[in-house]
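J.: following is a predicted model, sequence given first.
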Amino acid sequence: MKFIQTNNALKAVGHYSQAIVCNGLVYVSGQLPIDADTGEKITGDVEQQTRRVLDNLRLILEEAGTDLQQVIKLVIYISDVDMWSIVNTICKEYFLHHKPVRTIVPTRELHFGLKIELDCIALCE
């Protein structure tokens, strides 16, 4: 098992790993829309927040030696079901060559009042 930790403001702040590589897979913990350089929460609209969590996911996957095109499973939590189509449209921009298995879970509230959180499993060779 290899523990992944980026050298930016996305560091895990609780008792968990940012990501773990095990048996050719990388498991990424839930990511919120936080600016990787400053640690500031992105509180804008769901489009801004979605792009930020996907950009953050890209950074973590790169640290693990893989990329977005190797994502097998994506789980997305949104604070309002009405955001579904916006999030779906933005995912199409980031996952150009394949469609990962995906679950979108509408929920009431997310940490810090943010609108989106995601986690994933990706291939890592």
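T.: Ah, there it is.

J.: and the strands in this structure, which stretches?
T.: Assigned by DSSP state E, the chain shows strands spanning 2-4, 19-22, 25-31, 71-78, 101-106, 116-123.

J.: deepest of the ones you listed, which one?
T.: Most buried of the strands of the chain by mean neighbour count (mean count of other CB atoms under 10 Å) is strand 116-123; its value is a mean of 22. Backbone N, C-alpha and C define where each C-beta goes, glycine included.

J.: with distance to Ile86 and mean pLDDT added, can I get the strands of the chain in TSV?
T.: Formatted as TSV, those follow (distance: least, CB to CB, whole Å; pLDDT from 0 to 100):
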stretch	distance to Ile86	mean pLDDT
strand 2-4	29	94
strand 19-22	26	97
strand 25-31	18	97
strand 71-78	9	97
strand 101-106	11	95
strand 116-123	10	97
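
J.: so Ile90 makes contact with Glu47?
T.: Yes. Taking contacts as CB atoms under 8 Å, Ile90 lies within contact range of Glu47: 6.5 Å.

J.: compare these two (neighbour count), which wins?
T.: Legend: neighbour count by other CB atoms under 10 Å for Ile90 and Glu47, higher for Ile90 (19 against 15).
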